[in-house]
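> Can you look at this prediction? I've put the sequence above it.
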Amino acid sequence: MAFKRSSVRSRPAPQSSVMEILKIILNIITSILFILFLQLSTLLNAQYFIGNYSKVFQDSTRSNRNVPTEIYYPSISAGNNTQVAFGQFPIIIFGHGFLMSYGDYQNLWEDLVPKGYIILFPRTEEGLINDHQEFGWDLQFLVTEMQREGADNYSPVFNAVANNTALMGHSMGGGAAFLAADSLTQNQDVQLKTIIGLAPAESSSNGVSSISSALNVNVPALILSGSQDGVTTPETHHLPIFNNLSSGYKTFISILGGAHCYFGEPNFFCDFGETTASSGISISREDQQNITFDFVNLWLDYMLKDSCNQYNAFQDSVLNSNRIAYDQIHQENPTSTIIENNGVLSSSVIGLQYQWYMDNSPIAGENNVTFTPIGSGDYSVEVFFVDGCPTSSEPYTFEFLTTSISKLIPDQFFLHQNYPNPFNPITSIGYDLAQNGMVNLSIFDVNGKIIKSLVNEFQNAGNYSLTWDGVNFAGEEVSAGLYLCVLQLGNTKQTKKMSFIK
């Protein structure tokens, strides 16, 4: 049977409809390309537009206290509730001065947000009567609350909030920032990385004190002060806070000829107070803000973005600037020298981790405090520290002789004294095995209770080294005191005493 081809044909769509559909598709593609272009452009130029929104947070631990907050963030276009830029951005929580508000610090968000920071300005305690402790608690509350904000898919900054956070404040808000840092430090908050005070005032309402609170603050701290500040004089406000800080890295910068109010924009109340209290101001507001940002930007990039290059630039600026006077307490990361013992190379400096190099090329997998070379060459070691910035040793020339292989095998069983001793928080433990066997290396307290097993395996004869970070089986830091390190090979044991300090 022959089939006939149907004579029914579909009606073609009108040409105008097809063109409309094509235009819609083209517009969608153009919009997508435009957004991608903006994202790529901001990444390449490391500058962002400024987005902003307002939110009232509620602190359930303080009878649902309202904390209205202005939030400025890196965006792909300027404006309210605009699309956040691609990436995750560190947080700055900023406390305003007495009789001042967030709008008086426009210079801050206009400088810092385009460089990749999210800044929060709580709007509490703006009146004539204020509670410094409550203000400090507001700043403290926002540190952890902002992490929740970044995890909220309805938030304009969803998935854009980095873990690293700075507390920052001016005058009253600077003092309140130290009250907040006191509580956060004692609660072992992991977000707070640094604190910055701009002419911080002693906040002492309700029995609290910023100067006293500084004793409990151990995060890196930066205080900037105008040398001619008569509103909160450096001698009675800024310097006592700085001197009391327990931070291992703290810097005080006095801007020569600087004022109290010049850290922010013009404000009638602040400026009026300054005209009656300060004298000898010899620089402009613009000059003081430029000096401030020269140091604050480098400090934040190092503290919140882990840029060791910016750390070096900050230190260089502090030492060489003729626009400031300074005080600083900071111990530079030590540089290792390489020690050779029976064909084994060791770093003289204990760090968090290591990277060994041969002839300037990294050796894969060689990340311990000791290293056994397998050939002649120039060896160096890079040591990493808690601040993330490594130092590198000078090259050590090692000559490998096949006739000396036997020297690499120790002639006795020996447990070396840990180094450093006393220690906190890390110490290195070395030991020598003259023969193969089942090895156990454990830490005990003075009552004979096992604290941590570091090695429990079969090992070949040779030289070994490892580190102990002062934590027990549960991952908790041990208390200060005397501990025993016991090495056992077969029926043979050796013991060394170790002292952990805090």
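Sure, I can see it.
> According to the record, where do the domains of this structure fall?
Following automatic domain parsing, one gets these domains for the chain: 40-329, 332-408, 409-502.
> Out of those domains, which is the most enclosed?
Among the domains of the chain, domain 40-329 has the highest mean neighbour count (mean count of other C-beta atoms under 10 Å), at a mean of 20. Heads up, the C-betas are built off the backbone N, CA and C, glycines and all.
> For the stretch 301-450 of the chain, just list every one of the helices.
Here the stretch 301-450 of the chain has its helices, by DSSP state H, counting those that start in this stretch, at 308-320.
> quick one: low-confidence ranges for it?
Along the stretch 301-450 of the chain, the model assigns pLDDT under 70 to residues 401-408.
> cutoff 80 now
For the stretch 301-450 of the chain, the stretches with pLDDT under 80 are 331-332, 342, 374, 386-388, 400-410.
> That one: strands as residue ranges?
Along the stretch 301-450 of the chain, counting by DSSP state E, counting those that start in this stretch, strands occupy 324-329, 338-341, 344-347, 353-358, 361-362, 370-371, 377-384, 391-392, 396-398, 414-415, 427-433, 437-445, 450-459.
> Parallel or antiparallel, which strands does the fifth one pair with?
Sheet neighbours of strand 361-362, with direction, are listed as strand 353-358 (antiparallel) (DSSP bridges).
> How about the longest one?
With DSSP bridges as the criterion, the sheet partners recorded for strand 450-459 are strand 437-445 (antiparallel).
> Residues in contact with the strand it pairs with: which ones?
Contacting residues not belonging to strand 437-445 are listed as 429, 431, 433, 450-459, 466, 468, 481, 483-490, 498 [C-beta atoms under 8 Å, 6 or more residues apart in numbering].
> give me every residue that touches the nearest residue to G351 once chain neighbours are set aside.
Nearest non-adjacent residue to G351, counting by C-beta to C-beta, 6 or more residues apart in numbering: V383, 3.8 Å away. Going by C-beta under 8 Å, 6+ apart, V383 touches 333, 336, 347, 349, 351, 353-354, 390-393.
> and with 7 Å instead?
Going by C-beta atoms under 7 Å, 6 or more residues apart in numbering, V383 touches 336, 347, 349, 351, 354, 390-391.
> Tabulate those residues in a markdown table, adding columns for distance to T236.
Shown next, in a markdown table, are these (distance: C-beta to C-beta, whole Å):
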| residue | distance to T236 |
| --- | --- |
| S336 | 44 |
| S347 | 46 |
| V349 | 41 |
| G351 | 41 |
| Y354 | 47 |
| P390 | 41 |
| T391 | 39 |
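> Let me know the closest of the residues you listed to E126.
Taking C-beta to C-beta as the measure, E126 lies nearest P390 of these, at 45.0 Å.
> contacting residues for that closest one?
By C-beta under 7 Å, 6+ apart, the contact set of P390 is 382-384.
> any idea how far S213 is from I129?
The spacing between I129 and S213, counted by C-beta to C-beta, to the nearest Å, is 22 Å.
> for L108, same thing?
23 Å.
> Ok, which of the strands of the stretch 301-450 of the chain comes nearest N309?
Proximity to N309 (C-beta to C-beta) singles out strand 391-392 among the strands of the stretch 301-450 of the chain, at 14.1 Å.
> helices and strands around the closest one, which ones?
For strand 391-392, the packing partners by 3 or more C-beta pairs under 7 Å, 6 or more residues apart in numbering; DSSP states H and E come out as strand 377-384.
> Run the chain-centre distance for the strand it packs on.
In terms of C-alpha atoms, centre = their mean, to the nearest Å, the centre of strand 377-384 is set 26 Å apart from its chain centre.
> Please apply the same query to stretch 289-303.
For stretch 289-303, the distance to the chain centre is 15 Å (C-alpha atoms, centre = their mean).
> repeat for stretch 449-464
Here stretch 449-464 shows a centroid-to-chain-centroid distance of 34 Å under the convention C-alpha atoms, centre = their mean.
> do the same with stretch 140-158
Worked out by C-alpha atoms, centre = their mean, stretch 140-158 lies 18 Å from the chain centre.
> what's the answer for stretch 367-378, then?
32 Å.
> now stretch 319-335
Relative to its chain's centre, stretch 319-335 lies at 19 Å (C-alpha atoms, centre = their mean).
> Contacts for that stretch, please.
If you take C-beta under 7 Å, 6+ apart as the criterion, stretch 319-335 is touched by 248-256, 291, 318, 349, 385, 389, 391, 393.
> what's the farthest-apart pair in these?
Between any two of these, the greatest separation by C-beta to C-beta is 39.4 Å, found for L256 and S393.
> give me the low-pLDDT residue ranges for the stretch 1-150 of the chain?
Residue ranges of the stretch 1-150 of the chain with pLDDT under 80: 1-46.
> the helices in it, which residues?
Under DSSP H, counting those that start in this stretch, the stretch 1-150 of the chain gives helices at 15-45, 106-112, 132-150.
> Check what contacts the second one and list those residues.
Outside helix 106-112, the residues that touch it by C-beta under 7 Å, 6+ apart are 50, 72, 92, 94, 119, 264-265, 289, 293.
> how about those residues in JSON lines, adding distance to F135?
Below are these laid out as JSON lines (distance: C-beta to C-beta, whole Å):
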{"residue": "I50", "distance to F135": "25"}
{"residue": "Y72", "distance to F135": "20"}
{"residue": "I92", "distance to F135": "16"}
{"residue": "F94", "distance to F135": "12"}
{"residue": "I119", "distance to F135": "17"}
{"residue": "G264", "distance to F135": "17"}
{"residue": "E265", "distance to F135": "20"}
{"residue": "Q289", "distance to F135": "24"}
{"residue": "F293", "distance to F135": "25"}
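> Out of those, which sit inside strands?
Applying DSSP state E to these, the entries found in strands are 50, 72, 92, 94, 119.
> nearest to L304, of those?
Of all the ones in strands among the contacts of helix 106-112, I92 has the smallest distance to L304: 8.1 Å, by C-beta to C-beta.
> I'd assumed I119 was in contact with that closest one.
Yes: with contacts counted by C-beta atoms under 7 Å, I92 reaches I119, the gap being 4.7 Å.
> first to last residue in stretch 103-123, what's the distance?
Stretch 103-123 has an end-to-end distance of 10 Å (C-alpha to C-alpha, to the nearest Å).
> quick one: that stretch to chain centroid distance?
Chain-centre distance of stretch 103-123: 19 Å, with C-alpha atoms, centre = their mean.
> Numbering from 158 from now on, please.
Sounds good: first residue 158 from here, last item stretch 260-280.
> could I get the helix or strand hosting F429 in PDB with only the CA atoms?
Element membership for F429 (DSSP states H and E) is helix 425-434. Extracted in PDB, the C-alpha atoms of helix 425-434 (Å, rounded to 0.1, in the frame of the first residue of the first chain):
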ATOM      1  CA  PHE A 425      29.400  70.100  64.500                       C
ATOM      2  CA  PHE A 426      29.600  68.700  68.000                       C
ATOM      3  CA  CYS A 427      33.000  67.100  67.600                       C
ATOM      4  CA  ASP A 428      34.500  70.100  65.800                       C
ATOM      5  CA  PHE A 429      33.100  72.500  68.300                       C
ATOM      6  CA  GLY A 430      34.600  70.500  71.200                       C
ATOM      7  CA  GLU A 431      37.900  70.400  69.400                       C
ATOM      8  CA  THR A 432      38.000  74.200  68.900                       C
ATOM      9  CA  THR A 433      37.800  74.600  72.700                       C
ATOM     10  CA  ALA A 434      40.000  71.700  73.800                       C
END
